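**Q** my questions are about this predicted structure, shown below with the sequence.
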Amino acid sequence: MKRVVLRVSAAVAVALACLAPAAVQLMARQATPAATPATAPAGPVPRMADGHPDLSGVWWGGADVGAARGRGNAGRGGGRGGARGEPPPTFMSLYKPEAAARAKTLSDKDDPTLRCVPTAFGTLNISLYDVGAVGQILATPKMIVMLTETFHGWRLVPTDGRPHRDDVPPAYRGDSVGRWEGDTFVVDTTNFTDNTWMSAEGRVSQHSDQLHIVERYRRVDANTLEIEATVEDPEVLTKPWTVPKQTLVLAPFDQIMPLNCSGIETQALMDAAAKQGSAK
């Protein structure tokens, strides 16, 4: 199946800009069909040798950024249920007054992703994506590996009961450990730097080094992955942020692409963002 990528988003849509050298590859790639296409009837949850659900696969919302979405709801940035009622709170809507005041001093030109720095959480409320709209999971009984298409992104999540490491410096995407609660995989992440934003997409979303994220992954069937998350940051938030539930589907290709970023590709965007900021 051909994967058509239309990565068009906000003014600092690094999901598009950083990938310019790969544009031809993105638009013409012939992807190898996955063993269980997302359009096929859902089968039972596959399991690893230890009996836990196998989360392995390439996961997305049904299409890349800018394209029509499938069954997943990642492209809408929220949970199920349509547009009725009040929209769910965002990370930024829970800022303490001092954090909100600081956010007003920042703009697109300050977005770290323009310099190939990943987000602390992720675009479209999904950490598996980082900056983008596709991610891959490689699961083993002792380690879950989470890969993103952008910035050589990856996370290693051990599941053998070890605690968080206390001998490593803070990292852009923190330090993660995992555990199983029945058929739900829980990922606990701490030890973040404070020089990234929570997401890209041109929205100011700074955080502190007290950031703490707990995610819950549940494979509903062979084709569907549900993700819930709670985010705490006592330095900048008035209360924990409950991230809207996201539902991803198995993509019809079995590998993500290496969409790299050197900073050279985004120079034009950085220049434009700087001019836009100075004009205000």
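**A** Everything's here; your move.

**Q** right, and Trp197 touches Arg115 too?
**A** No: the pair Trp197 / Arg115 is not scored as a contact, 11.4 Å apart, by Cβ atoms under 8 Å. (Each C-beta comes from the backbone N, C-alpha and C, glycine too.)

**Q** can you pull the contacts of the closest residue to Thr193 other than its chain neighbours?
**A** Nearest non-adjacent residue to Thr193, counting by Cβ to Cβ, 6 or more residues apart in numbering: Pro170, 4.5 Å away. Neighbouring residues of Pro170 by Cβ atoms under 8 Å, 6 or more residues apart in numbering: 191-194, 209.

**Q** just those residues: which are in strands?
**A** Among the contacts of Pro170, none falls in strands (DSSP state E).

**Q** which of these lies closest to Val157?
**A** Distance ranking of these against Val157, using Cβ to Cβ, places Asn191 first at 13.5 Å.

**Q** tell me the contacts of that closest one?
**A** Taking Cβ under 8 Å, 6+ apart as the contact definition, Asn191 lies against 164-165, 168, 170-171, 174-175.

**Q** filter those residues down to the buried ones and hand me the ChimeraX line.
**A** Remark: buried members of the contacts of Asn191, expressed as a ChimeraX selection using 16 or more other Cβ atoms under 10 Å:
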select :171,174,175
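
**Q** with pLDDT, secondary structure and distance to Ala100 added, can I get the contacts of Asn191 in CSV?
**A** Output for the contacts of Asn191, formatted as CSV (pLDDT from 0 to 100; DSSP: H, G, I helix; E, B strand; the rest coil; distance: Cβ to Cβ, whole Å):
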residue, pLDDT, secondary structure, distance to Ala100
His164, 97, coil, 30
Arg165, 95, coil, 33
Val168, 94, coil, 32
Pro170, 97, coil, 24
Ala171, 97, strand, 26
Gly174, 97, coil, 24
Asp175, 98, strand, 28
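
**Q** show me what the strand or helix carrying Ser176 is packed against.
**A** According to DSSP states H and E, Ser176 maps onto strand 175-181. When contacts are defined as 3 or more Cβ pairs under 8 Å, 6 or more residues apart in numbering; DSSP states H and E, strand 175-181 sits against strand 154-158, strand 184-190.

**Q** look at the closest residue in space to Trp180 that isn't next to it in sequence and report its pLDDT.
**A** Nearest in space to Trp180, with sequence neighbours left out and distances taken as Cβ to Cβ, 6+ apart, is His52 at 5.5 Å. Looking at His52, its pLDDT stands at 98.

**Q** show me where the stretch 151-280 of the chain has its strands.
**A** Under the criterion DSSP state E, counting those that start in this stretch, the stretch 151-280 of the chain contains strands at 154-158, 175-181, 184-190, 212-221, 224-232, 241-250.

**Q** all helices for the stretch 51-200 of the chain, in order.
**A** Listed in chain order, the helices of the stretch 51-200 of the chain (DSSP state H, counting those that start in this stretch) span residues 97-103.
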